[in-house]
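>>> This is a predicted model, with the sequence first.
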Number of protein chains: 2
Amino acid sequence: MTAHLNGGDLSRLRQLNAESVMRVLRDERPQTLTELAQRVGLSRASTEDVVQELLEVGWVAEMEPAAGGVGRPARRYRFRADAGHLLGVDVGGHKVLAVITDLDGTVWHSRQVAVTPELGRSERLAAVDKAVAGVLRSAGLTGEELWGAGVATTGLVDGTGRVMLSEALTEWTGVDLAGHLRDRVGGAVWVENDCKVAALAETWRGVARHAADMVFILAGWRTGAGLVIGGKLHRGFGNAAGEIGALPAAGWQRAPGHLRAWLHDGDVFAASRAGDKAATAALRRYVKDLAQGISALVLTLDPELVVIGGGFSRSADVFLEPLRAELDRWCLRTPELRVSVLADEGVALGAAKLALDMSSPQRFARNRD
Amino acid sequence: MTAHLNGGDLSRLRQLNAESVMRVLRDERPQTLTELAQRVGLSRASTEDVVQELLEVGWVAEMEPAAGGVGRPARRYRFRADAGHLLGVDVGGHKVLAVITDLDGTVWHSRQVAVTPELGRSERLAAVDKAVAGVLRSAGLTGEELWGAGVATTGLVDGTGRVMLSEALTEWTGVDLAGHLRDRVGGAVWVENDCKVAALAETWRGVARHAADMVFILAGWRTGAGLVIGGKLHRGFGNAAGEIGALPAAGWQRAPGHLRAWLHDGDVFAASRAGDKAATAALRRYVKDLAQGISALVLTLDPELVVIGGGFSRSADVFLEPLRAELDRWCLRTPELRVSVLADEGVALGAAKLALDMSSPQRFARNRD
DNA sequence: GGCCTTTAGATGGAGTCCTGGATAACTTGC
DNA sequence: GCAAGTTATCCAGGACTCCATCTAAAGGCC
């Protein structure tokens, strides 16, 4: 049916246990061997063996022991977030943003290049090159030293990293983004839709850290969605999951128009916040349309959580409650509703997470032979 | 994030390898040790060890060797589908159907009891008891001998096996189905929504065997959906996944009405097949509404496959092509569309599969200590 | 009947994990 | 400052699983 778990060699068992140890150290505070052993379910002796090996490859570091407490002080070990670095690139209509993160998702360097939606293909690719080269330079890294690189862009992306269809960017359909970047960066490159990786970012460093099933809504002048199901990014068979906006009844094609119609593109959110009746009415129409599509997603998946991101999420204070009320009208069980805090970096961060997820299994396996 | 894979003991490795062997034997034809070893990725010697153990617990049987061929004839081993039995019960508005299947999903015994939607709670439960007792008697099994029992019913079901909400059946909301059946059957009982398990049945014995992502549509006087994502049944956080019908814009509440309106409930499908214009028009309106909801599911999930089941699927020949055409209007990529062949047994079969999926991990683990 | 091919079965070795005991380091109480 | 108590580290010995390899067995083919 699906890709099941294979057993195999004895070394496979060690690999699984090493992964367990890494997970615990990554997701929780530094631990002593005794704590680790309990947490992972191994004996102390075996845990020591595993940690020793992880120390040698540099993925785990020893800390100074905790002061106080009775008995011989235990060594404490922590996840080494700086054991590897990831490149995440957000290729949007108005900006190209490249970030370098560590394995924990902390952004250490970033480089932004302004672009416009109308820019031609080669100019946009040049902006990508500029951002990537810039961020690599300030990090003092070469592409080969990276664990991997992820690229996110608007539009549908196929399995090989080519843009199948992009309506928002000119001359962008058909670009072989993965190929282009692979030539620049040298290592492995993965390409994905921007909404999808933004969802990933929320489960990594955002407001959806412990949610197994989550829907991310990109709310901006474009509207989109990304799905996390069972803790993993859901792509769909043709990489087109979350495209509920294509359905006219979902209201997403029409939704931003209500805001755009308001007084020549002034800040409708600020006006509504200040008590402007017309602005509030426009916003209400926007929310009504937005909620149709979200309800369809929620009723389909029944997620634990819905996260609102995108440009409008900054102003979510003025429409979050109306949105919740509107969802209550349609949903059998309205999920918890949260606003993204990742701001403009969400997509780039998600691209980095994509690269981490795709590269680390191989890296684990390769390390043990 | 999610329940990750734990490593552990050495016996855990053996367990994983035994599961791999079982999967290969179950999904493919009988195999020799050499074939098995290659397929599973173990050495011949270890495979022999594993198979020996599986022979001893009775989950695998030896066959007479294949005739012909050069070299010493190899022993061949097969999956023993009769190593265990499952009870699946479909509690519907018009019938209660209980089946006994083997581990392969072959139905060996079944017992149907006619009911009506208006029946009271205790009468319906009595019908369940009658069907279950009857099918157990004809199978010559007691409840304790079963690997597990699954029950499917209309309405939302909570995690403990209680019916949270059922609109189609009177006095059915709040019934503790799991508790009731546990008293009768003795073993472990799982309860789930009927659309959901019908989806499961399609991936087991139906037309969706190798699909990882699949949407099942129950098309009948009620309309519902069940989702399989990543090879597993998707329940949702509140067990309410697939309830797109709750959204008025999805059209499912209105859809069957077009057919019901046609000439006092005559067979609209047969009439349309015979060329009746009015019947065809009613059917067309039905399909238009049905397609709205399906499109929402498809655009959300981008599944590999959509399976049409339920009472109307018998007459799918008259509306499958119009449905496909309608889906083409809305979907970015219309998935493959198939018609269920499980007929009336789909839900009961799915309930049995639910019991198998829920019980076998424990059974694997318990067997090795 | 002898040869060839393939499988069955047995043996020794390596890797991983567990248990239990001896040793080490630090705190507490006197 | 020293002994007692507590906890951690370190070091076998033993069990389990897998692998490589070798010999014996069972067929077909000449």
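That came through fine.
>>> Tell me how far the residue nearest to A:W330 when sequence neighbours are not counted lies from B:V215.
Leaving aside its chain neighbours, A:W330 sits nearest to A:S295 (3.9 Å; criterion: Cβ to Cβ, 6 or more residues apart in numbering or on different chains). Every C-beta, even on glycine, is put in place using the N, C-alpha and C of the backbone. A:S295 sits 18 Å away from B:V215, going by Cβ to Cβ, to the nearest Å.
>>> what do you get for A:R284?
33 Å.
>>> Who has more neighbours out of the two?
Regarding A:R284 and B:V215, a neighbour count based on other Cβ atoms under 10 Å in any protein chain shown identifies B:V215 as having more, with 30 against 15.
>>> can you give me the helices for the stretch 251-369 of chain A?
A:255-260, A:268-273, A:277-301, A:320-330, A:346-366 (DSSP state H, counting those that start in this stretch).
>>> I'd like those helices laid out as TSV, including mean pLDDT and distance to A:G224.
Output for the helices of the stretch 251-369 of chain A, formatted as TSV (pLDDT from 0 to 100; distance: least, Cβ to Cβ, whole Å):
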stretch	mean pLDDT	distance to A:G224
helix A:255-260	89	12
helix A:268-273	91	19
helix A:277-301	95	10
helix A:320-330	96	16
helix A:346-366	89	11
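>>> Give me the below-cutoff pLDDT ranges for chain A.
A:1-5, A:7, A:263-265, A:366-369 (pLDDT under 70).
>>> Near DNA strand C, which residues of it? Just list them.
A:10-11, A:13-14, A:17, A:41-47, A:49-50, A:67-73 (Cβ under 7 Å from any atom of the strand).
>>> Mind giving me the packing neighbours of the one helix or strand A:R14 maps to?
Assigned by DSSP states H and E, A:R14 belongs to helix A:10-27. Helix A:10-27 is packed against helix A:33-40, helix A:44-57, strand A:60-63, strand A:76-79, helix A:346-366, helix B:10-27, with contacts defined by 3 or more Cβ pairs under 8 Å, 6 or more residues apart in numbering or on different chains; DSSP states H and E.
>>> So chain A: which segments form each domain?
Domain segmentation of chain A under automatic domain parsing yields A:10-79, A:83-198+A:346-366, A:207-341.
>>> and of these, who's closest to B:G179?
domain A:207-341 (23.4 Å; Cβ to Cβ).
>>> Between the two ends of that closest one, how far is it?
Taking Cα to Cα, to the nearest Å, the first and last residues of domain A:207-341 lie 7 Å apart.
>>> Up against chain B, what does the stretch 101-250 of chain A have?
Of all the residues in the stretch 101-250 of chain A, those in contact range of chain B (Cβ under 8 Å from any Cβ of the partner chain) are A:156, A:203, A:209-210, A:212-213, A:227, A:229-232, A:234-250.
>>> Mind checking which of the residues you listed are in strands?
If you go by DSSP state E, those have A:156, A:227, A:229, A:232 in strands.
>>> if we can go back for a sec, next one: the residue nearest to A:W330 from B:M164, what distance?
20 Å.
>>> who has more neighbours, these two?
More neighbours surround A:S295 than the other of A:S295 and B:M164, with 28 against 16 (other Cβ under 10 Å).
>>> Pull the number of nearby residues for A:G68.
For A:G68, the tally of surrounding residues (other Cβ under 10 Å) stands at 6.
>>> hang on, the earlier thing: weed out the non-buried ones from the residues of chain A next to DNA strand C.
The neighbour-count test (16 or more other Cβ atoms under 10 Å in any protein chain shown) applied to the residues of chain A next to DNA strand C identifies A:13-14, A:17, A:42, A:46-47, A:50 as buried.
>>> just those now: which is nearest A:L337?
A:L337 lies nearest to A:N17 out of those, by Cβ to Cβ, at 38.8 Å.
>>> From the structure, what's the count of residues near A:G220?
With other Cβ under 10 Å as criterion, A:G220 counts 14.
>>> In three-state terms, label A:L97 for me.
Following DSSP: H, G, I helix; E, B strand; the rest coil, A:L97 is assigned to strand.
>>> what residues are up against it?
Applying Cβ atoms under 8 Å, 6 or more residues apart in numbering or on different chains to A:L97 gives the contacts A:89-90, A:110-113, A:131, A:344-345, A:347-348.
>>> Any chance of a ChimeraX selection covering the buried ones in the residues you listed?
To isolate the buried ones among the contacts of A:L97 in ChimeraX, judged by 16+ other Cβ under 10 Å, type:
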select /A:89,90,110,111,112,113,131,345,347,348
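>>> residues from the stretch 251-369 of chain A in reach of chain B?
A:292, A:295-297, A:299-304, A:330-333, A:335.
>>> Return the member of these nearest to chain B.
Relative to chain B, the closest of these is A:D302; by Cβ to the nearest Cβ it sits at 2.6 Å.
>>> The closest one touches B:N239, doesn't it?
Yes - counting by Cβ atoms under 8 Å, A:D302 does reach B:N239; the two are 7.2 Å apart.
>>> Show me which of those two is the more surrounded one.
A:D302 (24 against 17).
>>> Just give the nearest non-adjacent residue to that one, would you?
Nearest to A:D302 is B:G236, by Cβ to Cβ, 6+ apart, at 2.6 Å.
>>> repeat for A:A365
Take A:A365 and drop its neighbours on the chain: the residue closest to it by Cβ to Cβ, 6+ apart is A:Q15, 6.9 Å away.
>>> Give me the neighbour count for that neighbour.
By other Cβ under 10 Å, 19 other residues sit near A:Q15.
>>> Does it touch A:P361 like I think?
No - in this structure, A:Q15 is not within contact of A:P361 by Cβ under 8 Å, at 9.8 Å.
>>> still on that earlier bit, could I get the helices of the stretch 251-369 of chain A as JSON lines with distance to DNA strand D?
Shown next, in JSON lines, are the helices of the stretch 251-369 of chain A (distance: least, Cβ to the nearest atom of the strand, whole Å):
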{"stretch": "helix A:255-260", "distance to DNA strand D": "56"}
{"stretch": "helix A:268-273", "distance to DNA strand D": "54"}
{"stretch": "helix A:277-301", "distance to DNA strand D": "38"}
{"stretch": "helix A:320-330", "distance to DNA strand D": "46"}
{"stretch": "helix A:346-366", "distance to DNA strand D": "15"}
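>>> In JSON lines, list these along with distance to B:G105.
Listed next are the helices of the stretch 251-369 of chain A as JSON lines, based on distance: least, Cβ to Cβ, whole Å:
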{"stretch": "helix A:255-260", "distance to B:G105": "46"}
{"stretch": "helix A:268-273", "distance to B:G105": "56"}
{"stretch": "helix A:277-301", "distance to B:G105": "27"}
{"stretch": "helix A:320-330", "distance to B:G105": "37"}
{"stretch": "helix A:346-366", "distance to B:G105": "32"}
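>>> Contact partners for the residue nearest to A:E336 when sequence neighbours are not counted?
Distance criterion Cβ to Cβ, 6+ apart; nearest residue to A:E336, sequence neighbours excluded, is A:L305 at 5.1 Å. Applying Cβ under 8 Å, 6+ apart to A:L305 gives the contacts A:207-208, A:211, A:213-215, A:335-338.
>>> Let me have those in CSV, extended by distance to A:L141.
CSV is the format used below for the contacts of A:L305 (distance: Cβ to Cβ, whole Å):
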residue, distance to A:L141
A:V207, 29
A:A208, 29
A:A211, 32
A:D213, 35
A:M214, 31
A:V215, 35
A:P335, 39
A:E336, 38
A:L337, 38
A:R338, 33
